[in-house]
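K.L.:
Below are the sequence and a predicted model for it; my questions follow.
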Amino acid sequence: MTAALIFEQILNGLQSGLALFLMAAGLTLVFGVMGLINLAHGSLYMVGAFCCAWVTQQTGSFWLGLGGGVSGAAAAGALIEMLVIRRLYDRDHLDQVLATFALILIFSEGTRMVFGSMPLYLNIPAALSGSLTLPGVEAYPVYRLFILGAALAVAVLLYILIAKTRLGMRIRAGESDREMIAALGVDIKTLYTIVFALGAAIAGLSGALVGALRSVQVGMGEPVLILAFVTIVIGGIGSIKGALIGSVLIGLVDTLGRIFLPVILKFFMENASANSVGAALSSMLIYLLMAGILAVKPKGLFNAAN
Amino acid sequence: MQRTDAVPQPATLPGLNRETIVNGMVVAALLALPLWAFSVGEDYYVNLASLITIFAIAGVGLNFAIGQGGMVSFGHAAFFGIGGYTTGVAAFHSFEETLFIAAPLAVSGTNQMLLIWVVAMALCGIAALAIGAISLRTEGVYFIMITLAFAQMIYYFAISWPAYGGEDGLSIYLRNQLPVMNADHPFTFFSVCFVLLLGVIFISAHLSGSRFGAALGAARMNETRLATSGINPFPVKLTGFVISAMITGLAGALFAELNGFVGPSMLSWHRSGEIMVFVILGGVGRLYGPVVGAALFVLLETYIGEWTEHWQLLLGFALLGVVLFARGGVVGLIAGKPRHD
């Protein structure tokens, strides 16, 4: 157990946390502006990954693939917003959960029909496939740093978009009073489609980026979706700042817990059972964190919705 | 469901509204299918009817939370799975003749279904008490996500805990036993499930009509008003949540017996979604809605699944159609608006 290992794990935790932020940002944006709980957000993540893998296969360029993943997810998002989601804004959460659950079934089976059940593999482009020597760490993969940087860049761009631009002003206005902004002549329908497509595009980017790290397959969005839910519940639904802090917290707690919990338990019990108890406990750790935070703050750390 | 106690009935024929007739036909059909299959010796269809019945019990449990209490739990797979694992673990220790807990109190496994049911429901009740106590501090979309997250927590625990099969699950080599009857016989097992289904429907109806049910319904409609009339909504909702979880847990125990297997898939969030689909397809708050929903789901899976492996695509479209265009579910389509008499 060295300082270098701890540093490396903290980097890993930050990276997985920030990748999670890309998912959580779209979810919390859509909830904050439209009041919609969207289970199909994980499907958009999957669509992004598949589009990226397909375009990369066809063109041989990861960068074109990344563009394809983002625009494919955005297009899928805009499409389902216009066909289905738009009818759900006035419905209760139960209807939203079910309709978007139905969308998951449709997306997953549809993708399976097109691409089959075998996972696809995305290769990391040559420019990003090496590793760097960081202080204390022998070789840290460049691609992981790239994800970290890309997610940070998205966070900054999102902040600028929402705080500094006219579109962002309208989004914020729509968040606080949708009837008033419609009465002032803003085309609220188009605004909602744009917001939804924006969330979808970020989810697609996340799917494409993480898809190259793991494999691209049907159902890949679901575990991430649930983590993203935990994130925005911890951060406060509707708050992008909350999503950022929540996702970093979850990334760190999850990564560090998996490494260090078995080590800590070894002080109290024999090795074999410390490993199995440690594995079981660390897989529950983020949920316990969530329960703990909600017991103190039932509306999350940064509640923006109400 | 008509109440025989309390207020005098209105002048219309009591109990013979369209929903009651639909309910009667649903129960008759659910009984007729396995009776026919049993008489011609088709065990497959008897087991299919058992599956429908078990899913319906799970749905009745969730329907009590959603329909009566307005608590949209997206984590009922947790209770379904806890019920299932209780059966699996009890049978495992009974089969291996080992102890479940050695100290400070020796607890062995058992192969007695009745005992397993009681333990399964008790464990689900305890889990629901803990989950509900935290989740019910929140409401709306937070509640949906938190119940989902707690179910995932138990799911990951089941996967990473190696003692009972972990990711591979646990086989139940011998079906557990009931007194007097031979539970191994498919039709006997169906009958037991069927009686239990009628039992939980009766209990659910009786509770809905009781003072407690009225308070729970009021908590769904307007918590502030309930609080103003001197009833604290929190314990009422928590009790409702626990009862709902116990019913779903019983279904989980039966499901494990039927399949002879428990695995983490019983706890997965797809299962939570499916239990919710039973409730919605049938119609939220309808007493027999989950029976209709479960029957539709199983028949769709069986028959369209034979025809194409992509049956979930059709299920998705069907579900989307029901949510967008038929808000009362199938019972609502056939029987019209619910009557409040």
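P.N.:
Thanks, I have it.
K.L.:
so where's the chain uncertain?
P.N.:
Chain wasn't specified; assuming chain A. Scanning chain A for pLDDT under 70 picks out A:1, A:136, A:304-306.
K.L.:
Chain B, not that one
P.N.:
In chain B (pLDDT under 70), the answer is B:1-16, B:102-105, B:337-341.
K.L.:
so where do the strands sit in it?
P.N.:
B:99-101, B:107-108, B:170-171, B:261-262 (DSSP state E).
K.L.:
and what of chain A?
P.N.:
Using DSSP E, the strands of chain A run over A:131-134, A:137-141.
K.L.:
Please identify the deepest-packed of these.
P.N.:
Counting by mean count of other CB atoms under 10 Å in any protein chain shown, strand A:137-141 has the highest mean neighbour count of the strands of chain A, with a mean of 14. Where you see a C-beta, it was placed from the backbone N, CA and C, and this is true even at glycine.
K.L.:
Give me the contacts around that one.
P.N.:
The contact list for strand A:137-141 (CB atoms under 8 Å, 6 or more residues apart in numbering or on different chains) reads A:4, A:7-8, A:11, A:130-134.
K.L.:
Name the nearest of those relative to chain B.
P.N.:
Nearest to chain B out of the contacts of strand A:137-141 is residue A:8 (CB to the nearest CB; 23.0 Å).
K.L.:
Single out the most deeply packed of the strands of chain B.
P.N.:
strand B:261-262 (a mean of 24).
K.L.:
So what's the residue count around the residue in the stretch 51-200 of chain A positioned nearest to chain B?
P.N.:
Residue of the stretch 51-200 of chain A nearest chain B, by CB to the nearest CB: residue A:105 (3.3 Å). Residue A:105 has 24 neighbours, counted by other CB atoms under 10 Å in any protein chain shown.
K.L.:
likewise residue A:123?
P.N.:
When neighbours are counted by other CB under 10 Å, residue A:123 comes out with 13.
K.L.:
In this structure it contacts residue A:62, no?
P.N.:
Yes - Residue A:123 sits in contact with residue A:62 when judged by CB atoms under 8 Å, with a separation of 7.2 Å.
K.L.:
what touches both of these two?
P.N.:
A:56, A:212.
K.L.:
sorry, back to before: and the gap between the residue of the stretch 51-200 of chain A closest to chain B and residue A:215?
P.N.:
Residue A:105 sits at a distance of 21 Å from residue A:215 (criterion: CB to CB, to the nearest Å).
K.L.:
For residue A:128, which non-adjacent residue is spatially closest?
P.N.:
Nearest residue to residue A:128, sequence neighbours excluded (CB to CB, 6 or more residues apart in numbering or on different chains): residue A:143, at 4.6 Å.
K.L.:
gap between that neighbour and residue A:45?
P.N.:
Distance from residue A:143 to residue A:45, by CB to CB: 18 Å.
K.L.:
re earlier: so which of the strands of chain A gets nearest residue A:19?
P.N.:
strand A:137-141 (13.6 Å; CB to CB).
K.L.:
That closest one pairs with which strands, parallel or anti?
P.N.:
Within its sheet, and counting by DSSP bridges, strand A:137-141 is paired with strand A:131-134 (antiparallel).
K.L.:
Name the residues that touch the partner strand?
P.N.:
A:7, A:11, A:139-142, A:145.
K.L.:
Redo those as JSON lines? Include distance to residue B:324.
P.N.:
Shown next, in JSON lines, are the contacts of strand A:131-134 (distance: CB to CB, whole Å):
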{"residue": "A:7", "distance to residue B:324": "51"}
{"residue": "A:11", "distance to residue B:324": "46"}
{"residue": "A:139", "distance to residue B:324": "53"}
{"residue": "A:140", "distance to residue B:324": "49"}
{"residue": "A:141", "distance to residue B:324": "45"}
{"residue": "A:142", "distance to residue B:324": "47"}
{"residue": "A:145", "distance to residue B:324": "45"}
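K.L.:
My read is that the residue of the stretch 51-200 of chain A closest to chain B contacts residue B:311, right?
P.N.:
No - Residue A:105 lies out of contact with residue B:311 (CB under 8 Å); the separation is 9.7 Å.
K.L.:
follow-up on the earlier one: mind listing what the residue of the stretch 51-200 of chain A closest to chain B touches?
P.N.:
Counting by CB under 8 Å, 6+ apart, residue A:105 touches B:312-313, B:315-316, B:319.
K.L.:
Also residue A:73?
P.N.:
A:44-45, A:47-48, A:51, A:200-201, A:203-205, A:207.
K.L.:
Residue A:36 reaches residue A:30, doesn't it?
P.N.:
Yes - here residue A:36 reaches residue A:30: they are 5.5 Å apart, a contact under CB under 8 Å.
K.L.:
measure residue A:105 to residue B:313 for me?
P.N.:
Distance of residue A:105 to residue B:313, given as CB to CB: 7 Å.
K.L.:
residue ranges of the helices in the stretch 201-306 of chain A, please?
P.N.:
A:221-235, A:240-265, A:271-296 (DSSP state H, counting those that start in this stretch).
K.L.:
Buried deepest among those, which one?
P.N.:
helix A:221-235 (a mean of 26).
K.L.:
Mind giving me the packing neighbours of it?
P.N.:
helix A:3-34, helix A:41-59, helix A:188-213, helix A:240-265, helix A:271-296, helix B:140-160 (3 or more CB pairs under 8 Å, 6 or more residues apart in numbering or on different chains; DSSP states H and E).
K.L.:
Show me how far it is from its chain's centre.
P.N.:
Here the centre of helix A:221-235 is set off from its chain's centre by 7 Å, with CA atoms, centre = their mean, to the nearest Å.
K.L.:
between that helix and helix A:240-265, how big is the angle?
P.N.:
100 degrees (axes from the mean of the first three to the mean of the last three CA atoms, to 10 degrees).
K.L.:
Helix A:221-235 to helix A:188-213, inter-axis angle?
P.N.:
Using the same axes, to 10 degrees, helix A:221-235 lies at 120 degrees relative to helix A:188-213.
K.L.:
Contacts only, for the closest residue to residue A:214 other than its chain neighbours.
P.N.:
In space, and not counting its chain neighbours, residue A:214 is closest to residue A:220: 7.4 Å by CB to CB, 6+ apart. Contact partners of residue A:220, counting by CB under 8 Å, 6+ apart, are A:45-46, A:49, A:207, A:211, A:214.
K.L.:
So which bits of the stretch 101-250 of chain A are right by chain B?
P.N.:
With CB under 8 Å from any CB of the partner chain as the criterion, the stretch 101-250 of chain A comes near chain B at residues A:101-106, A:108-110, A:112-113, A:222, A:226, A:229-230, A:232-233, A:237.
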